[in-house]
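>>> How does the following fold in three dimensions:
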Amino acid sequence: MAKQQNGEAVLLINLGSPDSPKVSDVRRYLAQFLMDGYVIDVPYPIRWMIVHLFILPFRPKRSAEAYSKIWEKDGSPLLTNTKKFAEKVQKFSRKKIYWAMRYGNPSVLHVLTTMRNAGYTQILVAPLYPHHALSSTVTAIEEAKLHAADLKLELSFLPAFYDQKAHQTALAKLVKPAGAKHDYVLFSYHGLPVRHITKADITGAYCLKVENCCERRNEQSMPAAAEAHKTCYRHQIIETTNAVARIAGIKSDRYGFSFQSRLGRAEWLKPMTSEFISELPKKGIRRLAVIAPAFVADNLETLEEVNMQLREIFLAAGGEKFTYIPCLNDDSAWAKGFAQILSDSQKPHTRA
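All right, here's what the predicted structure looks like:
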């Protein structure tokens, strides 16, 4: 056993990627991802049938083709971007920085074991998602907690950082120049089923049950609002959108938000990006800039779905210019800001 280290180490957790764009690797990755009960939140037998009978026989081939379009010589863009970000954060942090993927490799278990073998027993787990969601933040935390007891680790958790000035300012730096050259800036976020919003409501009686539930001003008159907003994805993405637009100096009629990546037939958050952007040229909006702030690192969803598929939809609908604004990735100012967020984090968050 390695000598116990003084201080706290940090584990950054991102979504994940297949080991290669081969169909077999993509199938293995999708099976792990889609069988997560926080992603498809139905009873296990039903989830197994959905995944193994209706998705895995068909989707891996299509997804493999999509991954092939964005795969880099160094591998998956998400992995390389996360690795570069972790290395950049390390330059600005006194804490030892590690990184892992919730699905695929390097796994959370593998990296936690590496950290334990290096002598670290107090670990700050930092899901790399600005906004709280069951299918991103919560599943990453639960995966870390699953292995903490066996490894004799003490974990603390970084909350959603959508309201941190470092994050908002870094995004505004990307958005501002695009806002000056386009008719409209669209903040397109990863979509979620509506039921994920209500299930995450810790009050059980606020989200999507109170008129204008996501508005911050409700917090002053309704104690339930402040509590619900801590875990409300929709509230948090609205806050990000408005804050970034304000800092970037974009007028209220020149920006908006929407949701991409719908899966299945359940009711999802609206408006859907594909439908939203197809209507913009009819309103005289022909130069569109799109950013995907649900992610801090570019990945299949941002590079293929947003930058390729949505571009095609907008141009086919009569748009003239489509600009995808990349994620923050390993931007130095953002890495420095995130290192400060880690440093400022209070230790006794939820513990394993």
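>>> And the pLDDT at residue 266?
Note on residue 266: pLDDT of 87.
>>> Against which helices or strands is the helix-or-strand element of the chain with minimal mean pLDDT packed?
The weakest-scoring helix or strand in the chain, judged by mean pLDDT, DSSP states H and E, is helix 218-221 (a mean of 80). Applying 3 or more CB pairs under 8 Å, 6 or more residues apart in numbering; DSSP states H and E, one finds that helix 218-221 contacts helix 223-229. Using the backbone N, CA and C atoms, a C-beta is placed for each residue, glycine as well.
>>> Check which residues of the least confident helix or strand of the chain are buried.
Neighbour-count burial for helix 218-221 flags residue 218 (criterion: 16 or more other CB atoms under 10 Å).
>>> Can you show me the strands along the stretch 151-300 of the chain?
154-157, 184-190, 255-260, 287-291 (DSSP state E, counting those that start in this stretch).
>>> Contacts only, for residue 294.
With contact set as CB atoms under 8 Å, 6 or more residues apart in numbering, residue 294 has these partners: 129-131, 189-190, 237.
>>> ok, now how distant is residue 138 from residue 268?
Distance, residue 138 to residue 268, by CB to CB, to the nearest Å: 18 Å.
>>> and what of residue 310?
From residue 310 to residue 268 the distance is 16 Å (CB to CB).
>>> what's the answer for residue 158, then?
Remark: distance between residue 158 and residue 268 (CB to CB) = 27 Å.
>>> neighbour count winner among these two?
It is residue 158, of residue 158 and residue 268, that has more neighbours when counted by other CB atoms under 10 Å, with 22 against 17.
>>> how about low-confidence regions in this protein?
By pLDDT under 70, the low-scoring segments of the chain are 1-6, 346-352.
>>> ok, and which of the strands of the stretch 151-300 of the chain has the densest surroundings?
With neighbours defined as mean count of other CB atoms under 10 Å, the strands of the stretch 151-300 of the chain peak in mean count at strand 184-190, which reaches a mean of 25.
>>> Which residues outside that one are in contact with it?
Residues from elsewhere that reach strand 184-190 (CB under 8 Å, 6+ apart): 131, 133, 136, 175, 178-179, 237, 240-241, 244-245, 248, 250, 254-261, 273, 276-277, 280, 285, 287-295, 301, 306, 310.
>>> strand partners of it, parallel vs antiparallel please.
Partner strands for strand 184-190, per DSSP bridges, with pairing direction: strand 255-260 (parallel), strand 287-291 (parallel).
>>> and the ones you listed as TSV, adding distance to residue 77?
Output for those, formatted as TSV (distance: least, CB to CB, whole Å):
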stretch	distance to residue 77
strand 255-260	17
strand 287-291	16
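>>> follow-up on the earlier one: got the contact list for the least confident helix or strand of the chain?
Helix 218-221 has contacts (CB under 8 Å, 6+ apart) with 210, 212, 225-226, 229.
>>> what's the answer for stretch 240-254, then?
Contacts of stretch 240-254 with the rest of the structure, by CB under 8 Å, 6+ apart, involve 130-131, 162-163, 167-169, 171-172, 175-176, 179, 183-185, 187, 255-257, 293.
>>> Inside helices: which ones of the residues you listed?
167-169, 171-172, 175-176, 179 (DSSP state H).
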